[in-house]
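[1] need the 3D shape of this:
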Amino acid sequence: MQNLTYKRIFLFWVPLAATWLMMSVEGPFLAAVIARMAEPKFNLAAYGVAFSFALIVEAPIIMIMSATTALVKEYYSFCRLRKFTFTLNAIITGFMLIILIPPVFDIIAIDLINLPSNIARLTYKATFILLPWPGAIGFRRFYQGVLIRHNLTRRVAYGTIIRLVFMSITAMLFYFFFEFEGVVVGAAALSAGVVSEAIASGLMTRKTIQKMRSEDKPAKSELSYPEIFKFYYPLALTSMIGLGVHPMITFFMGQSRMAIESLAVLPVINSLVFIFRSVGLSYQEVGIALLDDKKKNYPHLRNFAIVLGISTVFLLSLIAFTPLSQIWFEDVSGLTAELSTFAHLPLMILTIIPGLTVLINFQRAMLVTAKNTKPITFATAAEVSGIILVLLILINGFNYIGAVAAATAFVLGRLSANVYLHKPFLRAVRSND
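    Residues are numbered from 1 along each chain as shown. So this is what the prediction gives:
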C-alpha cells in the first residue's frame, strides 16, 4: 500500500472500531440489567468475578486475531493456523472445566479470593454458564483475522451486530419471563452473544477460504508449527499475563476497605472506560494490516494514532469531570446514589487510560509487523508487576479503598508498559530506514 491516506486509514479502521464499540456496549447494558434486579450489589460483584475467570481462561487465545492477520497469506498457512487455533481452543476449554470442579472452585473463590459464600455461589453459576465463552472467542477471532487480512473489515462489524442482537434478546427474555438471578441473566446473554458471533464469522469467511483454496498457490516458505509457536507464544503470554491481572485485582479487592462496594462498581466503571479504550484496541490490527514492509506508511499511521488518543481522553474526561458521570452511573447504569458517588473518583483517575491504550496498541502493531513479539510479553509483565505492586502498597500499606487503588494501579501499570516498549518500538520503526 504505497499511497496510504488518512481517508484510507479511516475507512479501514472504522468497521474495526465500530466492532469494539459495539462490544463495549455489552458491559454497561448487562450491568444496567443486573443493577435493576434483586440484590444488585451481590449480583454485580459475582458477575465481575465470573467475568474475570472467563477472561483469564480465554487469555491464551485472544491474540490469535493478530497472528492470523500477520501470518495467513494463502491456503496452506490458513490450514496450519486453523489447526493450531482449534487445538488451543480445546486446551483452554478443558482448563475451564477444571476450574468448575466444585472443590477447585471453592479453593479459588472462597479460600484465595475470600468471597462471601453467597457471592461465591452466584459466581459459580455464572462461570458454568460462561463455559462456551473461551472456545467461541478463539474461533471467531481466528476467522475475523482472515477477514481483516483480506480487507473485509465490514464483515467483522456485521458479526458483532449479530452478537449484540442475540445478547440483547437473551437478556430481555430472561429478564422479563424468568425468575433467574441477575448474574445468571448476564452470563447467559454473554455466552449466547459470543457463540452467535463465532458462527457468523465462520460463515462469512467461506467464500474467502474457497478463493484461497482455488488459487492453490504453493507456499513460498511453508509455515511450520514450530514457527507458529515461536511467533505466537509471546503474544499468548502477553494476554495471559495481562488478563491474569483481573483475578489478582479481584483478590486484592476482597482484602480491601469497602470490598463489596469496590467489587460492585468496578464492572460498571470498567465498562464505561472500555467504550473509549475500544477505539485504541481496534488500532493494533490496523497497524499490522496497513504498515508496508519499508515503513513508508508509518507517519500517516502515527499521526492518526496521536489524534485518536487525544480525542478519546478528551471525550472520557467530559463525562468523568462533569455531572454527566452521575447521569451515566445512576440513570444509565442503574447504580444507587451511594454507589454512584463511590465510583466517581476511580473514573476520574482512569481518564488517561484510553490514550495509553492507543499508544500501546500502535507500539505492539509495529513489533508484530517486525516479527519481534518478545518485548510485548516483557512489557505486559512490567505492567502487571506494576499493578500488583501498587495494589499491595495502597491496600495493605495505606488501607486505600479498593476501587481507588485499582484505578491508580491500572494507570501506573500501563504507563510502565508504554515506557518499556519505547526503545524496541523505535528500533522497529528504524529497521528499514
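[2] ok, Val25 touching Phe274?
    No: with contact defined as CB atoms under 8 Å, Val25 does not reach Phe274; the gap is 9.5 Å. For glycine as for every other residue, the C-beta is placed from the backbone atoms N, C-alpha and C.
[3] who has more neighbours, the two?
    Comparing Val25 with Phe274 by other CB atoms under 10 Å, the one with more neighbours is Phe274, at 21 against 17.
[4] so which strand or helix has that one?
    Secondary structure from DSSP states H and E places Phe274 in helix 259-281.
[5] could you dump that helix to PDB, C-alpha only?
    Below are the C-alpha coordinates for helix 259-281, written out as PDB (Å, rounded to 0.1, in the frame of the first residue of the first chain):
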ATOM      1  CA  ALA A 259     -14.600  -4.600  49.400                       C
ATOM      2  CA  ILE A 260     -18.200  -5.300  48.300                       C
ATOM      3  CA  GLU A 261     -18.700  -1.800  47.100                       C
ATOM      4  CA  SER A 262     -15.500  -1.900  45.100                       C
ATOM      5  CA  LEU A 263     -16.400  -5.300  43.500                       C
ATOM      6  CA  ALA A 264     -19.800  -3.900  42.600                       C
ATOM      7  CA  VAL A 265     -18.700  -0.700  40.900                       C
ATOM      8  CA  LEU A 266     -15.600  -1.900  39.100                       C
ATOM      9  CA  PRO A 267     -17.500  -3.800  36.300                       C
ATOM     10  CA  VAL A 268     -19.600  -0.600  35.800                       C
ATOM     11  CA  ILE A 269     -16.500   1.700  35.700                       C
ATOM     12  CA  ASN A 270     -14.500  -0.700  33.500                       C
ATOM     13  CA  SER A 271     -17.500  -1.000  31.100                       C
ATOM     14  CA  LEU A 272     -17.600   2.800  30.600                       C
ATOM     15  CA  VAL A 273     -13.800   3.200  30.200                       C
ATOM     16  CA  PHE A 274     -13.800   0.200  27.800                       C
ATOM     17  CA  ILE A 275     -16.100   2.200  25.500                       C
ATOM     18  CA  PHE A 276     -13.300   4.700  25.000                       C
ATOM     19  CA  ARG A 277     -10.500   2.100  25.100                       C
ATOM     20  CA  SER A 278     -12.100   0.100  22.400                       C
ATOM     21  CA  VAL A 279     -11.100   2.500  19.600                       C
ATOM     22  CA  GLY A 280      -7.500   2.000  20.600                       C
ATOM     23  CA  LEU A 281      -7.800  -1.700  20.900                       C
END
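[6] what's the neighbour count on Ala67?
    Neighbours of Ala67 using other CB under 10 Å come to 24.
[7] what residue ranges in the stretch 251-400 of the chain score low on pLDDT?
    Counting by pLDDT under 70, the stretch 251-400 of the chain shows low-confidence ranges at 293-294.
[8] could you pull out the helices for it?
    For the stretch 251-400 of the chain, helices defined by DSSP state H, counting those that start in this stretch occupy the ranges 259-281, 283-290, 298-320, 324-326, 337-349, 353-369, 374-391.
[9] how about those in JSON lines, adding distance to Asn418?
    Shown next, in JSON lines, are the helices of the stretch 251-400 of the chain (distance: least, CB to CB, whole Å):
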{"stretch": "helix 259-281", "distance to Asn418": "12"}
{"stretch": "helix 283-290", "distance to Asn418": "14"}
{"stretch": "helix 298-320", "distance to Asn418": "11"}
{"stretch": "helix 324-326", "distance to Asn418": "26"}
{"stretch": "helix 337-349", "distance to Asn418": "17"}
{"stretch": "helix 353-369", "distance to Asn418": "5"}
{"stretch": "helix 374-391", "distance to Asn418": "8"}
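[10] closest to Leu16 out of those helices?
    Closest approach to Leu16 among the helices of the stretch 251-400 of the chain (CB to CB): helix 283-290, 6.0 Å.
[11] so what does the closest one touch, helix or strand wise?
    On a contact count with 3 or more CB pairs under 8 Å, 6 or more residues apart in numbering; DSSP states H and E, helix 283-290 meets helix 6-35, helix 64-71, helix 133-149, helix 298-320, helix 353-369.
[12] pull out the buried positions in the fourth one.
    Applying a neighbour-count criterion of 16 or more other CB atoms under 10 Å, one finds 298, 300-301, 304-305, 308-309, 312-313, 316-317, 319-320 buried in helix 298-320.
[13] which one of those is nearest Glu330?
    Nearest to Glu330 among the buried residues of helix 298-320, with distances taken as CB to CB, is Ile319, at 13.0 Å.
[14] pretty sure that closest one contacts Leu272?
    Yes: under the criterion of CB under 8 Å, Ile319 makes contact with Leu272 at 7.3 Å.
[15] centre of the chain versus whatever helix or strand Ala189 lives in, how much separation?
    According to DSSP H and E, Ala189 maps onto helix 182-204. Offset of helix 182-204 from its chain centre (CA atoms, centre = their mean, to the nearest Å): 15 Å.
[16] do stretch 180-195 as well
    Relative to its chain's centre, stretch 180-195 lies at 18 Å (CA atoms, centre = their mean).
[17] so for that stretch, mean pLDDT?
    Across stretch 180-195, the average pLDDT comes to 92.
[18] picking that back up, which one of the helices of the stretch 251-400 of the chain lies nearest to Leu11?
    With respect to Leu11, and counting by CB to CB, the nearest of these is helix 283-290 at 10.7 Å.
[19] contact partners of the closest one?
    1, 4, 8-9, 12-13, 16-17, 65-66, 69-70, 145, 148-149, 151, 297, 301, 305, 308, 358, 361-362, 364-366, 368-369 (CB atoms under 8 Å, 6 or more residues apart in numbering).
[20] dump that helix to CSV, restricted to CA.
    Taking C-alpha atoms only, helix 283-290 is exported to CSV below (Å, rounded to 0.1, in the frame of the first residue of the first chain):
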residue,chain,number,x,y,z
TYR,A,283,-5.9,0.1,16.1
GLN,A,284,-3.5,-2.8,16.6
GLU,A,285,-4.9,-4.8,13.6
VAL,A,286,-5.0,-1.6,11.5
GLY,A,287,-1.3,-1.1,12.1
ILE,A,288,-0.4,-4.7,11.3
ALA,A,289,-2.5,-4.7,8.1
LEU,A,290,-1.6,-1.3,6.7
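[21] just for the stretch 101-250 of the chain, where's the confidence low?
    Within the stretch 101-250 of the chain, the stretches with pLDDT under 70 are 216-221, 244, 246-247.
[22] helices along that one, start to end?
    Under DSSP H, counting those that start in this stretch, the stretch 101-250 of the chain gives helices at 102-106, 117-129, 133-149, 153-177, 182-204, 206-215, 225-255.
[23] what residues sit buried inside the fourth one?
    Right, helix 153-177. 153-160, 162-164, 166-168, 170-171, 174-175.
[24] list the contacts for Val184?
    Contacts of Val184 by CB under 8 Å, 6+ apart are Lys125, Ala126, Ile129, Phe174.
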